[in-house]
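A.B. asks: Sharing a model prediction with you, sequence too.
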Amino acid sequence: EAEVAQSPRYKITEKSQAVAFWCDPISGHATLYWYRQILGQGPELLVQFQDESVVDDSQLPKDRFSAERLKGVDSTLKIQPAELGDSAMYLCASSTRDHYGYTFGSGTRLTVV
Amino acid sequence: GNSVTQMEGPVTLSEEAFLTINCTYTATGYPSLFWYVQYPGEGLQLLLKATKADDKGSNKGFEATYRKETTSFHLEKGSVQVSDSAVYFCALSGVKTSYDKVIFGPGTSLSVIP
């Protein structure tokens, strides 16, 4: 069964450091999403790509967060500098253009100390 | 705006008990509705979905019916097992376009004890 791959699975970083997460969506999925899930809450969308274009980044803290999907396949989410409040699970998901096969990866658990 | 409300947890049930987790939504269009499940330390898995009014989604003994008149999508299971212990998220999508982002509720934690 096809999966959304994410790495690393866990990341501990000191505040003010830079950190990056990687996501490889299911082959052929045009739409890729990055969500942030704070402990005890539901996931919230940070950024949505359609192919290589950003279609929604309204909730992305652009002063410190950036995301790219250069060739419309895999994607990287970066935080610089990391803050204590960024500790959360970062989930990647992908789907076909018409929302079928919407699948989440296992996530990256970030702890900022 | 568009949102999802769920009953607060945690919910604790004995094995073989009946489960209901209430979910209501607010949306300006005609969304698709979902239930996702998250086991400890893992990502989200789609449990079931319904794309239009009166549709019933079902999977692994769980079911939910899309009720437009009450804007609800309550999750039910007739007999829960210990392995059903997880966090359950009600969600909606597709308000504007079919590839809209998914909007999640806060989640309901379920613990099933033997």
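C.D. replies: Thanks, I have the structure now.
A.B. asks: can you pull the contacts of A:E3?
C.D. replies: Contact partners of A:E3, counting by CB atoms under 8 Å, 6 or more residues apart in numbering or on different chains, are A:I26, A:T103, A:G105. Where you see a C-beta, it was placed from the backbone N, CA and C, and this is true even at glycine.
A.B. asks: looking at this, it is in a helix?
C.D. replies: No - the assignment for A:E3, made by DSSP: H, G, I helix; E, B strand; the rest coil, is coil rather than a helix.
A.B. asks: Distance of it relative to B:F89?
C.D. replies: Noted for A:E3: a distance of 20 Å to B:F89, by CB to CB, to the nearest Å.
A.B. asks: Then B:I113?
C.D. replies: Going from B:I113 to B:F89 by CB to CB gives 22 Å.
A.B. asks: what about those two, which has more around it?
C.D. replies: Ranked by neighbour count (other CB atoms under 10 Å in any protein chain shown), B:I113 and B:F89 place B:F89 first, with 27 against 10.
A.B. asks: Double-check A:V55 against A:F49; I have them as touching.
C.D. replies: Yes - counting by CB atoms under 8 Å, A:V55 touches A:F49, with 6.9 Å between them.
A.B. asks: neighbour count winner among these two?
C.D. replies: Between A:V55 and A:F49, A:F49 has the larger neighbour count (other CB under 10 Å), namely 22 against 15.
A.B. asks: What is the three-state secondary structure of the more buried one?
C.D. replies: strand.
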